[in-house]
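> curious how this folds, go ahead:
(one chain, ligands or ions: 2)
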Amino acid sequence: MKQDRQKGLDGLFRPRSVAVVGASRRAGSIGRQVVSNLIRGGFTGPVYPVNPKAEVVLSVPAYRSVAAIPGPVDLAVLVVPPDAVLAVAAECGKKGVKGLVVITAGFREVGGEGIVREEKLAAISKRYGMRVIGPNCMGIVNAEQGYALDASFSATMPRPGAVAMVSQSGALGEAILADAAQAGLGVAMFASVGNRVDVTAADLLGYWENDPNVRVILLYLETVGEPQEFVEVARRVSRKKPIIAVKSGRSDAGALAASSHTGSVAGADVAADTMLAQCGVLRVDNFRDMFALAQALLDQPLPKGPRMAIVTNAGGPGILATDAIAGLGMEVAPLLPATEKALRKALPVEASVRNPVDLIASADAARYRAALKVVAADPTVEGLVVLFVSPVMIDAAAVAQAIVDETRGCGRPVLACVMGRQRGDEAQRILRDAGIPVFRYPEDAATTLRQMLRRTRWLERRPARVPDFRVDKAAARRILRKKGRASGWLANAEVEAVLAAYGIPLPASRRVRTPGEAVAAAHELGWPVVLKAEAAELLHKSEHRAVRVGLRTGDDVFAAAADLIERLKGKFPDVRLQVQSQAQGHREVLIGMTRDSRYGPLFAAGLGGVLVEVMRDVSIRVGPLDGKDPQEMFERLKGAPLLAAFRGAPAADVATAADALLRIQKLVVDFPEIAEVEVNPFILAEKGKRSVAVDGRLRVEHA
Ligand code: ADP
Ligand code: MG
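Ligands and ions are numbered 1, 2, ... in the order given. Coordinates of the predicted model:
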């Protein structure tokens, strides 16, 4: 399956010949621009313009139809009107074309008839085994030697390089290419994927995974079509090469997940953020940050840790840089005493030898040299930000050269920030040519460093496989798919049976109707017990004071049971009782899942119990979770320290809850009709003692 998704992509990106169907002679038309780009780019194979009304397009002989082209055609770029696309696509299929780039718009994005047209295009692509990019896109580029393919209508083309890009937006694709060119970023491959009738961003990630020409991958995403597939592919590829994304658009998770606790705690726009983070994709706010980060990742080593040294010739920017670095969770830590001592010797008395090191305004190239030599040799420094506010009397180019010379090969990332314009351009060029990213403002340098550090942490993360759980799927099926099962909440007893079938530990319990039966059940279970009222409409029991804990005698149980029945029978005529063994644990957490219409299953882990809604301390991740995710979800909680050993209480056995969340994942994969499921609370004991799920709810929804 996974291999399949990459099959045939060479037909798109590495064709031996290209037809442009809808090639036009009209100046300013897309059909003409595509032919022109192919020629301008120096495509290595034949280009066949197809136009029934022209004999020649841009000095190249044209053909009346795809069928009329004498040689084989690997790639066809379609620029014909929307109602002609299907016929041309089928003709291409018959001709043996391997890949289609459908630039034409007027498909899914226009609704109605367009949706039908897009489905038909998908069918044609399947029937002939043709891979399709688009429709409604800007085209593709492969700068690789031996192809030099520019099958797009972009006005600008960056120089060849090591970056591959996917854009979901055609219009923005053009801007991205232009900006990349301006930022001096070289491009290996580019694809504007449009409506993604066939080829998705995830397919391209997989395609670039082992391509040695591609060292950094950039994504502009509006939506993620197949989130589960994206998560799986991106998680794998990001371990080999960095993936940077600008993601726009919001999730509707919050709106949909109305009635469940998990959903209301999950909130609205966490899904995209968490999805990208959990598969190691670096999400940036804008294209400027994206290009800067790409350049830094291409040219600079990753920081091993958060300790950054700042060398500046002006106090203010030094403070800005310090604030930005500290504000992003990194450190401007003291340098070694020996380093400060050496700096003291080398610098004038007015200079500050403590990090941030301030060389003061009179600093020339020689002073930068002396300081950087020492700082770059300090083993505690894990990254360097060199600031230079260009004063008139100082030779900026010489300072830039000093920065380059003294930090070369120091094994740590070096980022520069050049402020002020006087002779700054030359300095910037020298730095950039040496592979040192140059920023206008210290905050931007700090942002980039922070992302680089995130990548370091991601690569340090040891992924873990999900264990092969042995579960009783048949037992769960009997309940979930019981005859006549309608959409809605399951009864508590059913929820418990389903959870138990998937190996989630529950307290011993009995269901009874009268106070006398409750007392007998309590004697059987052993003390202390918990008494709960149950009824179909009674979803949040505590709100109705329908949970009584810490009952230690028969009299207690009888009185509590009588009171519950008496109070609740008016509102809930079907009220019954559950007697549960009281859990011995000391911490409450929740675990659960809600399905989002766009992102699929969203898993939750948080602090649990009746206070959870006030605290809203929940981690959300998009499925599929790997073996490590649940543990990390608990570690990322604000209240994580509460789960560790705390004020004399032992650490809670979080691993058991993490394991239970993976079992829930298996459950909701096995039964897609489960729309939401939540265990709250899962009462955690210390390690070695029994942790149990004392309350659960589960809702099925039939498509
Ligand atoms: P609801 O969420 O419907 O209000 P719960 O069954 O979650 O009801 O119970 C509410 C609280 O009572 C739990 O958060 C927990 O603190 C406590 N509780 C419930 N069952 C037990 C049990 N078996 N052992 C110990 N405490 C329990
Ligand atoms: Mg509860």
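
> what's the domain layout of the protein?
Domain segmentation of the chain under automatic domain parsing yields 3-294, 301-460, 508-581, 587-700.

> which bits of the stretch 101-250 of the chain sit near ligand 1?
By the rule CB under 6 Å from any ligand atom, no part of the stretch 101-250 of the chain lies against ligand 1. Where you see a C-beta, it was placed from the backbone N, CA and C, and this is true even at glycine.

> all strands for the stretch 101-250 of the chain, in order.
Assigned by DSSP state E, counting those that start in this stretch, the stretch 101-250 of the chain shows strands spanning 131-133, 139-142, 149-152, 160-167, 187-192, 216-221, 243-247.

> okay, these in CSV with mean neighbour count, mean pLDDT and distance to Ser691 next?
Formatted as CSV, these follow (neighbours: other CB atoms under 10 Å; pLDDT from 0 to 100; distance: least, CB to CB, whole Å):
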stretch, mean neighbour count, mean pLDDT, distance to Ser691
strand 131-133, 26, 98, 49
strand 139-142, 28, 97, 53
strand 149-152, 27, 97, 57
strand 160-167, 24, 95, 44
strand 187-192, 27, 96, 48
strand 216-221, 25, 95, 39
strand 243-247, 22, 93, 37
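
> and those strands as JSON lines, adding distance to ligand 2?
JSON lines is the format used below for the strands of the stretch 101-250 of the chain (distance: least, CB to the ion, whole Å):
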{"stretch": "strand 131-133", "distance to ligand 2": "49"}
{"stretch": "strand 139-142", "distance to ligand 2": "52"}
{"stretch": "strand 149-152", "distance to ligand 2": "55"}
{"stretch": "strand 160-167", "distance to ligand 2": "43"}
{"stretch": "strand 187-192", "distance to ligand 2": "48"}
{"stretch": "strand 216-221", "distance to ligand 2": "36"}
{"stretch": "strand 243-247", "distance to ligand 2": "34"}
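
> okay, those strands in CSV with distance to Asp285 next?
Below are the strands of the stretch 101-250 of the chain laid out as CSV (distance: least, CB to CB, whole Å):
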stretch, distance to Asp285
strand 131-133, 27
strand 139-142, 25
strand 149-152, 26
strand 160-167, 17
strand 187-192, 21
strand 216-221, 13
strand 243-247, 7
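
> which of the ones you listed sits closest to Leu58?
Between Leu58 and these, the shortest separation by CB to CB is 13.7 Å, and it involves strand 149-152.

> got the contact list for the closest one?
Applying CB atoms under 8 Å, 6 or more residues apart in numbering, the contact partners of strand 149-152 are 13-15, 18, 34, 37-38, 40-41, 43, 75, 77, 101, 138-143, 157, 173, 190, 192.

> which of those residues are buried? Put it as a PyMOL command.
In PyMOL, a selection of the buried entries from these looks like this (16 or more other CB atoms under 10 Å):
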select buried, resi 13+14+15+18+34+37+38+41+43+75+77+101+138+139+140+141+142+143+157+173+190+192
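
> which of the contacts of strand 149-152 fall within helices?
Mapping the contacts of strand 149-152 onto helices (DSSP state H) picks out 13, 34, 37-38, 40-41, 173.

> so for those residues, which is the shakiest by pLDDT?
Model confidence across the ones in helices among the contacts of strand 149-152 bottoms out at Gly173, which has 84.

> and the gap between that one and Met130?
Gly173 sits 22 Å away from Met130, taking CB to CB, to the nearest Å as the criterion.

> which stretches of the stretch 601-703 of the chain have low pLDDT?
Applying pLDDT under 70 to the stretch 601-703 of the chain flags residues 610-613.

> so who does the closest residue to ligand 2 within it touch?
Residue nearest to ligand 2 within the stretch 601-703 of the chain: Asp695 (3.5 Å; CB to the ion). Applying CB under 8 Å, 6+ apart, we find Asp695 in contact with 541, 679-681.

> once you drop chain neighbours, what's closest to the residue nearest the centre of the chain?
What sits nearest the mean C-alpha location of the chain, by CA atoms, centre = their mean, is Leu276, with 0.6 Å. When the adjacent residues along the chain are set aside, Leu276 lies closest to Arg283, with 4.6 Å between them (CB to CB, 6 or more residues apart in numbering).

> the one you found touches Ala277, doesn't it?
Yes: Arg283 lies in contact with Ala277 (CB atoms under 8 Å); the separation is 6.9 Å.

> which one's more surrounded, the two?
Arg283 (21 against 17; other CB atoms under 10 Å).

> what about the contacts of Asp695, which are in strands?
Judged by DSSP state E, strands contain the following of these: 679-681.

> ok, which of the residues you listed also contact ligand 1?
Okay, of those touching ligand 1 (CB under 6 Å from any ligand atom), that's 680-681.

> reformat the ones in strands among the contacts of Asp695 as TSV; add distance to Arg367.
Shown next, in TSV, are the ones in strands among the contacts of Asp695 (distance: CB to CB, whole Å):
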residue	distance to Arg367
Val679	63
Asn680	62
Pro681	62
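
> mind checking pLDDT for Ala253?
Ala253 is given a pLDDT of 44.
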